[in-house]
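Novice: Sequence and predicted structure, then a few things I'm wondering about:
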Amino acid sequence: MKGIFKKALSLTMVAALAVSVAACGDGATMKKIEKSGKLVIGTSADYAPYEYHTMLDGKDTIVGIDISIAKEISKDLGVQLEIVDMGFDGLLAALNTNKVDIVIAGMNPDEERRKAVDFSKIYYEAKQGIMVRTGDKEKLKSIDDLKGKKVGAQLGTVQEKIAKEQIMDANLISLGKIPDLVMELKNRKIDALVVELPVANGYVRNNNDLALTDIAVKEDTGGSAIAVRKGNTDLVKLIDQTLDRLMKEGSIDKFVQEANEMNVTTEEK
């Protein structure tokens with residue numbers, strides 16, 4: 001949770017995103033979904049186990065926790081699901097320009113994002129971690145050990161904000177996709193990577209040259225939620241009903257387990 005978050009927009013970006021909000025509320029999104037017979041979701045499929053690419057029956061397919069949740073939402077709405085994959089930092093702009101109906105991408109509903117969009121209830125909470133090369137784990141044991149180091153984080157995410165605010169004098173390297181950051185770490189272009197633990201655990205499990213440190217960062221991300229254009233309270237209510245059902249059934253924990261089991265290699269992310 002891409003978020004991650006997934007994940008912080010600048011005040012300038014928030015202001016720009018808010019321009020189109022007024023015309024998109026009052027149930028407009030639900031009417032669009034009903035008319036088209038499909039739910040178009042925006043996501044950034046480079047963030048296993050939330051959403052990522054893998055091969056199923058010889059076909060490149062986007063899977064993950066968020067995709068399983070989106071399928072349940074579309075089923076409850078009685079419509080087809082359409083997935084639009086893009087860079088994480090462009091998701092809310094796509095939402096507020098009607099290119100997608102909702103955004104589900106491990107996104108944290110932080111204060112700045114709430115100025116631009118509405119959010120569902122929190123559906124999953126994950127802690128943050130610091131991933132390093134295995135050989136550096138004993139060298140990098142505290143936040144102070146990262147002072148002045150090259151630290152990577154996904155662009156536009158809460159992890160990027162953590163690196164900026166909690167790691168003193170960090171030489172921040174921000175890239176759009178997690179796999180690219182992992183390669184930079186492996187190739188010694190960065191020294192550490194701030195990432196959500198479910199994401200980090202998948203990489204560590206599948207790569208002997210990567211490890212999680214015991215470094216603790218402050219947690220104020222608030223978990224992951226689904227973004228909807230401002231004013232579409234009817235759609236938010238329906239999404240929350242599906243989330244309530246899934247949480248009551250224990251389905252989201254099941255989705256997490258399934259996504260981690262399916263995510264067997266770094267190359268599939």
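Specialist: Here it is on my side, so go on.
Novice: how about the helices of the stretch 1-150 of the chain, start to end?
Specialist: Assigned by DSSP state H, counting those that start in this stretch, the stretch 1-150 of the chain shows helices spanning 11-17, 28-36, 65-77, 91-96, 111-116.
Novice: Can you tell me which of those helices is nearest to residue 227?
Specialist: helix 91-96 (5.9 Å; CB to CB). C-beta: built from backbone N, CA, C; applies to glycine.
Novice: Mind giving me the packing neighbours of that closest one?
Specialist: helix 11-17, strand 38-43, strand 102-103, helix 111-116, strand 117-119, strand 227-229 (3 or more CB pairs under 8 Å, 6 or more residues apart in numbering; DSSP states H and E).
Novice: out of those, nearest to residue 85?
Specialist: strand 38-43 (6.1 Å).
Novice: can you list the residues that contact the closest one?
Specialist: Residues from elsewhere that reach strand 38-43 (CB atoms under 8 Å, 6 or more residues apart in numbering): 33, 51, 62, 66-67, 70, 73-74, 77, 79-86, 91, 94-95, 99-105.
Novice: Got the phi and psi for the nearest residue to residue 133 once chain neighbours are set aside?
Specialist: Spatial nearest neighbour of residue 133, chain neighbours left out: residue 209 (6.0 Å); criterion: CB to CB, 6 or more residues apart in numbering. Backbone torsions for residue 209, taken as degrees, to the nearest 10, come to phi -90, psi 10.
Novice: Distance of residue 209 relative to residue 48?
Specialist: 18 Å (CB to CB, to the nearest Å).
Novice: sorry, back to before: winner for burial among the helices of the stretch 1-150 of the chain?
Specialist: Mean neighbour count (mean count of other CB atoms under 10 Å) peaks for helix 91-96 among those, with a mean of 23.
Novice: so how far is it off the chain centroid?
Specialist: 14 Å (CA atoms, centre = their mean, to the nearest Å).
Novice: same check, this time on stretch 149-166
Specialist: For stretch 149-166 - counting by CA atoms, centre = their mean - the centre lies 14 Å from the chain centre.
Novice: I'd assumed residue 252 was in a helix, is it?
Specialist: Yes. Going by DSSP: H, G, I helix; E, B strand; the rest coil, the assignment for residue 252 places it inside a helix.
Novice: Name the nearest residue to it, sequence neighbours excluded.
Specialist: residue 246 (5.2 Å).
Novice: What's the local residue count around the one you found?
Specialist: Counted with other CB atoms under 10 Å, residues neighbouring residue 246 total 20.
Novice: neighbour-wise, which of residue 209 and residue 48 wins?
Specialist: Neighbours were counted for residue 209 and for residue 48 using other CB under 10 Å; residue 48 has more, 27 against 10.
Novice: Hmm, that one is touching residue 202, no?
Specialist: Yes. Applying CB atoms under 8 Å, one finds residue 48 in contact with residue 202, separated by 5.1 Å.
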